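Colleague: Task: produce atomic coordinates for the following.
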Amino acid sequence: MEEWKDKEKLGQTIRRLRLTNDLSLRDLAEKSGISYSFISSVEKGRFSPSRDTTIALGQALKGADLNELLMLAGFAPVSGMVKEENALYEPEVQFILRAKRELSPKAFKTFMRIAEQTKKVLEDE
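Modeller: Numbers count the residues shown, from 1 in each chain. So this is what the prediction gives:
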């Protein structure tokens with residue numbers, strides 16, 4: 001399937017979108033949950049991102065055509081995916097998943113409790 005990939009065009013497209021969105025590599029890394037060094041390598045055509053990474057980058061970049069990015073990366077488009085499944089790749093969801101991986105169980109429980117309390121306060125406004 002390697003012949004379907006166009007790493008160079010994928011990298012150029014991601015870089016163009018990042019610059020159009022006025023994002024630095026670190027900004028995009030924060031929004032997507034992908035390391036800035038990996039994004040840089042993708043932009044230079046050195047690495048091919050996984051499907052999940054491609055989706056995370058596409059959803060972090062306003063104006064991105066997710067299906068185009070997936071096809072450039074050598075993957076089938078997401079047209080058949082349900083909306084709830086796409087939500088898993090939103091930067092906010094990825095942030096919570098990273099917190100779960102990186103924090104101790106006790107710290108993550110505190111993190112979630114604070115998030116729940118904050119949500120209640122904001123709902124009351």
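Colleague: rest of the way, CA atoms for contacts and neighbours
Modeller: Noted.
Colleague: Would you point out the helix or strand in the protein whose mean pLDDT is lowest?
Modeller: For the chain, using mean pLDDT, DSSP states H and E, the weakest element among its helices and strands is helix 83-87, scoring a mean of 59.
Colleague: Walk me through the domains of the chain.
Modeller: As recorded under automatic domain parsing, the domains making up the chain are 2-72, 90-124.
Colleague: now do the same end-to-end measure for the last one.
Modeller: When the termini of domain 90-124 are compared using Cα to Cα, to the nearest Å, they are 25 Å apart.
Colleague: okay if I get the domains of the chain as a markdown table plus mean pLDDT?
Modeller: What follows is the domains of the chain, written out as a markdown table (pLDDT from 0 to 100):
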| stretch | mean pLDDT |
| --- | --- |
| domain 2-72 | 91 |
| domain 90-124 | 89 |
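Colleague: tally of neighbours for Ala56?
Modeller: 23 (other Cα atoms under 10 Å).
Colleague: got the contact list for it?
Modeller: Taking Cα atoms under 8 Å, 6 or more residues apart in numbering as the contact definition, Ala56 lies against Ser32, Gly33, Ile34, Tyr89, Glu90, Pro91.
Colleague: Longest helix in the protein, by number of residues?
Modeller: For the chain, the longest helix by residue count, based on DSSP state H, is helix 105-124.
Colleague: So what's the gap between it and the chain middle?
Modeller: Mean-position distance between helix 105-124 and its chain equals 23 Å (Cα atoms, centre = their mean, to the nearest Å).
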